[in-house]
Every structure is written in structure tokens, then in C-alpha cells.
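1. build the 3D model from these lines:
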Amino acid sequence: MDFVSPVLDVASRICNCVGDRADRLRRLPQNVISLRADKEKLKNVYKDVKERVEREEKLEKKRTHVVGGWMERVEAMEIEVNKLLESCDEENQKKCFGTCCPRNCRASYKLAKMVPEKIDAVAELQSEGSNFQEVAVPLPSPLVIERPLEEKPVVGLDSPFREVWGFLQDKQVGSIGIYGMGGVGKTTLLKKINNKFLQSSIKAFDIVIWVVVSRPTNLERVQETILDRLDIPHDRWKGRAEERKAEEIRRVLKTMKFVLLLDDIWEPLDLLTVGIPPLGDGNQSKIVFTTRSADVCGGMAAQKSIKVECLEEKEALSLFQAKVGEDTLNSHPDIPKLAEMVSKECKGLPLALIVIARAMASAQTPEEWESNLQKLRLYPKDISGTENDLFSVLAFSYDSLPDEATKSCFLYCSLFPEDDQIPPEHLIQLWIGEGFLDEYDDIQEARNQGGKITQMLKHACLLEGGKDPSLIEGEYVKMHDVIRDMALWLACEKGKKKNKFVVKDGVGLISAQEVQKWNDAQRIALWSQTIIEELREPPRFPNTETVIGRIMFPSGFFTNMPVIRVLDFSNVGIRKLPAEIGNLATLQYLNLSGTRIEYLPIELKNLKKLRFLMLDRLLSLALLPNQMVSSLSSLQLFSMKFISSPSSADQIMLLEELEQLEHINDISIRLTSIQSIQRLFESHKLRRCTTSLQLKLCMGENQVQLVSPSCIKELTLTMCDELEEVKIIHFEMQVVPSKFPNPQCCFNYLLSVLIIGCKKLLNLNWLIHAPKLQHLRILMCKNIEKVIEDERSKGSKIESGLSVFSRLVSLALLNLPKLESIYEHPLRFPSLSQITVRDCPRLKKLPFHSSIYMSKKLENIEGQQKWWDGLEWNDQTLMHHLTPIFQPISSS
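-> Reported below is the predicted structural model:
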């Protein structure tokens, strides 16, 4: 029995093994069918996953490593299963004839064993593929995302591009502001800078971030743009407070060297609140932004501010021609010249050039070009695209102005002719006359506010500034032609009321029928070379508040103006004022300066609401009607400068009439006798109200006494042939020697001094009593040797600790043959911008402190080359620094 058991056990094992193999072989056909079916199921799952992956990859995502590995395993599995199935099919063909038994049991068994294993593997892959929640993830952020440049070629931006790119390489510069008027190319420049980082050789930064800020500023949108660019998962910030978003941005950016490009900023943006870490601390990150306002550059603490200017004429034409296209330009020989004329009308503004070029691209006859050129000059809104694509874009700058008064002041500038250089003081006076600044009771306060508005408009690139030495203040403002067209479009309610602002310049004859169409006009401005034909009947102007005229008006023009407020006839050759002016009961501002009027009608007494009366440069005017001025009970400002000389008695009578006026607070006047000067200074009211004083002394009067304190801002001494000395007298009539500054005796308001033809005057020592003097011009004073002698007041300081000429902006010294010195000792001249010296052969030294070039305020030194070459310098370095700003001028 002991022998039989082991044998039975072995036999049992053999039978089980044979039975198991037989069972596998028996199930093989069915398993092959199952494997083939499972393979197809897996294939379908694979297709679904692959389609999901491809969709995500089109969204600039990449497949996950898990999904990628699974797809590779499926592809490998498919190959293995196909080979296995082929082997099964081959083995099935090798069965014994007439039986189901395989010829090669060993090979068949091996297949029978592998097929179930593959079924399990295929099932596992199928299950894995069916459960993918995420098949792709966002691509890691590239250094920079390319920004498309809509307008090609990019013209005229090479210089500012080089400047900005240079600052980006400068380790000392962190923030850069790019500003300029709307449509000038700021965004295009910023895109060009952005795309420069695409070059593989530029790897100085970890990331370049582009954000469009626009208006109104949306802090949340700015933050989310940055968060998305930094690939910070949404669950870390979506729906969170601004502070939490800022923390996430700061957490990432403080570990990176970044460039942040902010486009279209309208107001200073608090970058710390956004989450931008402070620049510096050695991280060398950069911020570059664009804006239409220079004030935003200051508010953003930009270390460098770069203004983008309009294109030069050649560049503008190149851009215009590129947009019009060669086919149109070549369609007729006259069109290239006409294209040049149209391009000039755009005055180098890229947006205007592009919009107008698009409108002209289909015009292939000279007649079409000529017609559109005429429209562009007279009614630019009628050109296709100008309203929606040009004026509406530019109007965003207007919309961003802070209040209605500032907007009114801006629109008012459009009344002046194209390219007109407008003296700011004249413009501001008109604003005051129109009532735009009525919230200020004092005229000087209103002027100050007007000055702030002109600066604001310049900083917003809605006005341009310039310098003209022939102007008293030396500066002017003007409007870019396209900005002016936009302003007129806005003033006329976006073109809906064509004649709300009527502006005519050089248009020739205007018919009476056209004048009748102006009955809806609010403001009328008629400039040179414009003539109105005789009127059959007086036109009606029920809404007209303003008439600015540089023409001869026909009789009856002013008869029906029930709400007229401002009349400006300055610099017109009229000899007689229309009588109906005396009936304009609502008139508040009348400017007759520079006319040839010989007498004023007594009817002007009726102008009880008149607040401003300007009678400067009336060289033909004989006398003012008796008691006319004192009848103007609302008068606040009276100006009568550069006139023929009335008698001393007439001057005194005029002063007495002015003194009677209750509301008078601003007087500009010319006096020619000691008696009239004394009468002015004896009156506390007149002394307080006189802001501009012109003196022309008669023969035999060798001394003039100026009483202090005084509110005089402008002082002119002309042709005082015998004048030797100017003395300053305190209001208690104690004489103060002119060489010694007295803190209690000071012309704190004096800003401008003009001395002409005072032959015996030796010096202007009394100027040390004018600590805030800004403009000094001395002409044709043949005996003056020193502007200020200071032997006994060396190093002295004036009121409030101000040094001599510390506020001086411009200095002109012309035809002073004996002048040897301006001041004995070097002065810093911290405000000096312009100095002109002509025909002063003995002036061998300029009193410049060696640090003057460091202030960067001094822009221009004009003089004869021989004089400049003969100057003596204590510091040769100073000469080398100043030589580049010297401009030679010819002798007089």
C-alpha cells in the first residue's frame, strides 16, 4: 500500500495538468474572440482620449504625462495583441485533418495561456482610459507672447524705440512712461518692444507680462490678467478679495525678473495694491506703460518719461502712401501730388493718416481726390471713417478731463485758426470773460486757475506748447490740426449742429444767405481774409454768446444779439465801432486792442454788465468820453497800454474815474507824467488794483519814485530820455536807497520788466526788490553799465530768503554799448531758460555759477558769434557745457 499511494498521487497530478491544459485549449477560440472584441473597445477608448487631447492641444495645452504614457502603452498593446491574434489564427489553420486537435499542442497551449493574460491587460488599459478626468494641462508660460502689429510698416518709431530699449538695458532705470496724444503710436511702440523679447538671444528676464488697463481702471481685471499670465491655479485666487489676489501675484513675482508692460493708462495705478513688488533691491525688473497724459507719468513715479511725437512730413507721406496702395497712387499722374497734399493735412498723426488713407484707397481719379481734399479742409467729418475711427478715439482724452469748465476751455481753443500760436494770457482772459472760471471771485485767482488748465491740457497732449521770444511771456499754445477738427466736431455736438461753432479763416466772401444760417451759432470766430457781403436786413443771433472778429463787419451785424457776452475785435483795422454795440446789454467782455478806432461812442456807457474792457495799442484814439469809464458799474478789468499820450490832466481824470468803480480789481495803464504817477500811488485802491504799469516820462524828469508795497506784475519804462534813477518809497513815504534791499519794501508780485530807450539810466539796482522777477528785457539804454551794482550788498538775500534773479526765466540784453556786468558775483539762476545778448560789446562775463548746467533748465543762449568767442570764463568746463546750447545771431 505504501508503494501504491505515491504512484496514485503522481497520476492524479498528471491528470489534473492534462485536464487544465485541455481546458485552456478548449477555451482558446472563445478567448480569441473576446480579445478581439476587447481590443476594439480599447481602440475606441483610445480614440476618445486622443480626440480630447487634440482639442486641448489646440487650446495651447499639453497632454499630461499620465495620459501620454497610457497612449503609448495602448499603442504598444495594440501591436502585441495583433501579433498574438495572428499567431492564434495561424495555429488554428494547423489543426489535424478532420479533428479539433492542434498539431502542435505545446505551441497551442502557450497561446491559450497568453490570450487571457492579454484580455486582462487590455481590460485594465480600457478601465484606466475611461476614467481620465484631465487629459491636458496649460503649457508653461513662454517668456513673451507675441502681439500682432496691425499697422505695417511701422513708421517713425525707431528713435523712441531705441530710447526705451536703452533704458530697459540700464540697471539704474526701473520704470519708463511713454506718453503722447491719442493715435500717435504709443501702443504700436509698446507692441514693438514686447515683440523684441521674442528674439532667442534676449534672455535677461524670466517673463514679459502685457496688460491693457484702459478706462475706467478695473483693478480686478488687471490682477486677473497678471494671475493668468503667471499660471497661478484658479482655485488659489478665483472669487477671492483684491488683497488675496495681490498676495498671490507678489508671491510669484518677487522670485522672478519680470517686465510689466501696461498699455493705455488714464490715471495713476497703485502697483502695490495690484501686487507688483517694489522695483529695486537688485531684482532689475522693469515696468513700461503708455498714457496720453504726462501727469500720469509723474503720478506713476516714472524714472524716465518719453514723449512720442507726430511723424515728420517724409515719414507721414511714406505711411500714407503705404496705406493708400500702389494701384491707387499709379492710377493717374496727378494723384501722387494730391496724396502729398492730403498727407500734409493730417499733420503727422499716424491714426489720422491711416484712417484717411483707407478712405482714399478706392479714389482713382484726380476729381475724387480734389473733392475729398476740400472736405478734409472744411468738413473733415464727411470723410469716411473720421467720426468712428478717428474723432471717437481721440475724444477719449476729452472725456477724461476732470470737469465741465476744463472741457469748455479746451473746446474754446478750436475757435482759433489752424496752427495759430495763441498767447496763453490772451486765451485765459477770454476764458474768464466767457465765465468758465466764475467760481473764482478774484481775477488773479482765475488767471492762476487758467494757467493750471493750460498746463493740464498740454500734459493731456490736447494742446501743444512752444516758445516765441517776441511774446511777453515767451510762450504760446496751439492745437494740432486733427485735435482741433475733433474739438470742433465735439463742440458741434458730434456734427449734429454744424453751425454751433462757426469758424472761418481765409474763406473769402461770405454771402448774406450763409450768414442767415448762423442763427443757431453759439460762438462765431471770423479771421483774416474773410469778408461778409452787405446785409439787406440785420441777421438774428438768438443764441450767440461770442464773436471774435478780425474782419470788417457790415452794418447791422450786431443788432440782434440778446445774449452776447464776449466781443473781441483786437488787431482789426476798424476805425469806427458799430453804434449798435452800445445796445448789447448782456455784453461782459469787450476787446478793442490794436484797432484804429479814433473815438469811442458815448453809447458804451450803457454797458452796465461789462466786466472787461481792453483798449491797448489804440494809437489813433484821442480821448475817452467823459464819465464813460465810471459809468461801467460792473467793470472789473481795465487795460489801456501802448497808447498815444493824453495830457496829464486827462490821465488823472481817468484814474479818478477808475477809483470810483466798486468792482475794479485789475488795472493796466500807461502814464506819462510825475503828477499822474503820484496820483496812482497815493490811492491805496489804485495801487492795489494796478497790475501792469507803463511809464514814459517827459523831458526834464530825471527821477521816478515807485511806491511799495505794490501789486504790479508788469512794469515798462519806455523812452524816458532824462531818467537817471528809480527810487523805491515805502507807503509811509520814507525814501529807501535803491542799493539796499529792505525786506519790508518789496515788489513781491513783479514778474516782468521791460526797459526801452532810457538813455541816462546807469543801473537797475532797484530790481533787488523784485524777488520773483521772471522776465527782464533791457533795450537801447546806451549808458547803462551794470544791471545791478552790489558792492555793499554782496551775498545779500531778498524777501523770503530768495537770492537775486532766483526766479528769472528769460533775460534779453539788446543794444547796450556800455554794459559791462549783469551782477558782480556768480549766480545759480535755477529757473533761467533763455538768455539773449546782442550788441553788448563790453559784456565779457556771464554771472553763471558753475552748477548752472546741472539744473538742465537753461535751453538757449543767443548772441553774436564774436561776442561769444570773446567771453572770459573762470571755469572752462562751464564753457564746454554751455557751448552746445549757444545759437549765433546776426547783428541788429
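2. and L260, which helix or strand is it part of?
-> Following DSSP states H and E, one finds L260 within strand 258-265.
3. so for that strand, mean pLDDT?
-> Here strand 258-265 scores 95 as its mean pLDDT.
4. over to stretch 181-193?
-> Mean pLDDT, computed over stretch 181-193, is 93.
5. so what touches it?
-> 147-149, 151, 154, 156-157, 160-161, 164-165, 168, 178-180, 261, 263-264, 288, 290-292, 308-310, 349-352, 390, 393-394, 396-397, 461-462, 480, 482-483 (C-beta atoms under 8 Å, 6 or more residues apart in numbering). (C-beta placed from N, C-alpha, C; glycine too.)
6. buried stuff in that stretch?
-> Within stretch 181-193, the residues scored as buried using 16 or more other C-beta atoms under 10 Å are 181-193.
7. ok, those vs G573, which is closest?
-> Nearest to G573 among the buried residues of stretch 181-193 is M181, at 36.5 Å by C-beta to C-beta.
8. for R484, see how far away that closest one is.
-> 12 Å (C-beta to C-beta, to the nearest Å).
9. and what of T255?
-> 50 Å.
10. between the two, tell me which one has more neighbours.
-> R484 (23 against 11; other C-beta atoms under 10 Å).
11. show me what contacts the spatially closest residue to the more buried one that is not a sequence neighbour?
-> Distances taken as C-beta to C-beta, 6 or more residues apart in numbering put S414 closest to R484, at 5.1 Å, once the chain neighbours are dropped. Contact partners of S414, counting by C-beta under 8 Å, 6+ apart, are M479, R484, A487, L488, A491, F501, V503.
12. let's see it at 6 Å
-> S414 makes contacts with R484, A487, L488, as judged by C-beta atoms under 6 Å, 6 or more residues apart in numbering.
13. around A136, how many other residues sit close by?
-> By other C-beta under 10 Å, the burial measure for A136, its neighbour count, is 21.
14. swap that for N874, please
-> Using other C-beta under 10 Å, N874 has 10 other residues around it.
15. element containing it?
-> Following DSSP H and E, one finds N874 outside all helices and strands.
16. related to what we said a few turns ago, average pLDDT for the very next helix or strand once past the strand holding L260?
-> Next in sequence after strand 258-265, counting helices and strands by DSSP H and E, comes helix 271-274. Per-region confidence: helix 271-274 scores 94 on mean pLDDT.
17. same check, this time on stretch 40-49
-> 91.
18. the stretch 201-350 of the chain: helices as residue ranges?
-> Using DSSP state H, counting those that start in this stretch, the helices assigned to the stretch 201-350 of the chain run over residues 219-229, 242-253, 271-274, 294-299, 313-324, 326-329, 335-345, 350-360.
19. gap between the fourth one and the chain center?
-> What separates the centre of helix 294-299 from the centre of its chain is 10 Å, taken as C-alpha atoms, centre = their mean, to the nearest Å.
20. re earlier: mind checking which of the buried residues of stretch 181-193 are in strands?
-> Residues of the buried residues of stretch 181-193 located in strands (DSSP state E): none.
21. export these to a markdown table and tack on distance to Q364?
-> Listed next are the buried residues of stretch 181-193 as a markdown table, based on distance: C-beta to C-beta, whole Å:
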| residue | distance to Q364 |
| --- | --- |
| M181 | 32 |
| G182 | 31 |
| G183 | 27 |
| V184 | 30 |
| G185 | 29 |
| K186 | 34 |
| T187 | 32 |
| T188 | 29 |
| L189 | 33 |
| L190 | 36 |
| K191 | 33 |
| K192 | 33 |
| I193 | 38 |
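22. so which of those residues is the closest to F569?
-> Using C-beta to C-beta, M181 comes nearest to F569 of these, at 32.9 Å.
23. over to that closest one: give its phi and psi.
-> Main-chain torsions, M181, degrees, to the nearest 10: phi -70, psi 160.
24. what do you get for I788?
-> Backbone torsions of I788, given as degrees, to the nearest 10, read phi -130, psi 120.
25. how many neighbours does it have?
-> I788 has 20 nearby residues by other C-beta under 10 Å.
26. low-confidence stretches in the stretch 401-550 of the chain?
-> Applying pLDDT under 70 to the stretch 401-550 of the chain flags the ranges 469-474.
27. just say helix, strand or coil for the spatially most central residue of the chain.
-> The centroid of the chain falls nearest to C461 when counting by C-alpha atoms, centre = their mean (3.2 Å). Secondary structure for C461, judged by DSSP: H, G, I helix; E, B strand; the rest coil, is coil.
28. what's near enough to touch it?
-> Contacts of C461 by C-beta under 6 Å, 6+ apart are G180, M181, R292.
29. make it 7 Å
-> Y179, G180, M181, R292, S397 (C-beta atoms under 7 Å, 6 or more residues apart in numbering).
30. measure the nearest residue to it once chain neighbours are set aside to S159 for me?
-> Distances taken as C-beta to C-beta, 6+ apart place M181 nearest to C461, at 3.7 Å, with adjacent residues excluded. Per C-beta to C-beta, M181 is found 17 Å from S159.
31. what does V53 give?
-> V53 sits 48 Å away from S159, going by C-beta to C-beta.
32. who's more crowded, the two?
-> Using other C-beta under 10 Å as the criterion, V53 and S159 rank with V53 on top: 20 against 11.
33. distance of the more buried one relative to K41?
-> 19 Å.
34. hmm, back to that, tilt between the strand holding L260 and helix 219-229?
-> 150 degrees (axes from the mean of the first three to the mean of the last three C-alpha atoms, to 10 degrees).
35. now for strand 258-265, which elements pack on it?
-> Contact here means 3 or more C-beta pairs under 7 Å, 6 or more residues apart in numbering; DSSP states H and E; on that basis strand 258-265 packs against helix 186-196, strand 207-212, strand 286-291.
36. render the CA-only coordinates of that strand in CSV, please.
-> Backbone C-alpha positions of strand 258-265 (Å, rounded to 0.1, in the frame of the first residue of the first chain) are rendered in CSV as follows:
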residue,chain,number,x,y,z
PHE,A,258,10.0,90.5,-14.9
VAL,A,259,9.0,93.1,-17.5
LEU,A,260,5.5,94.5,-17.0
LEU,A,261,4.0,96.3,-20.0
LEU,A,262,0.9,98.4,-19.1
ASP,A,263,-1.0,99.8,-22.1
ASP,A,264,-3.4,102.7,-22.1
ILE,A,265,-3.3,104.1,-18.5
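37. what does that strand contact?
-> Contact with strand 258-265 is made by 187, 190, 193-194, 205-214, 269, 276, 285-291, 296, as judged by C-beta under 7 Å, 6+ apart.
38. what's the answer for stretch 661-675, then?
-> Outside of stretch 661-675, the residues within contact range by C-beta under 7 Å, 6+ apart are 442-443, 630, 634-643, 645, 648, 651-652, 658, 677, 680, 686, 689-698, 701.
39. can I have the buried ones of those residues as a PyMOL selection?
-> The buried residues among these can be selected in PyMOL (16+ other C-beta under 10 Å) with this line:
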select buried, resi 443+630+635+636+637+638+639+640+641+642+643+648+651+652+658+677+680+686+689+690+691+692+693+694+695+696+697+701
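40. hmm, back to that, can you tell me how far the residue nearest to C461 is from L462?
-> 7 Å.
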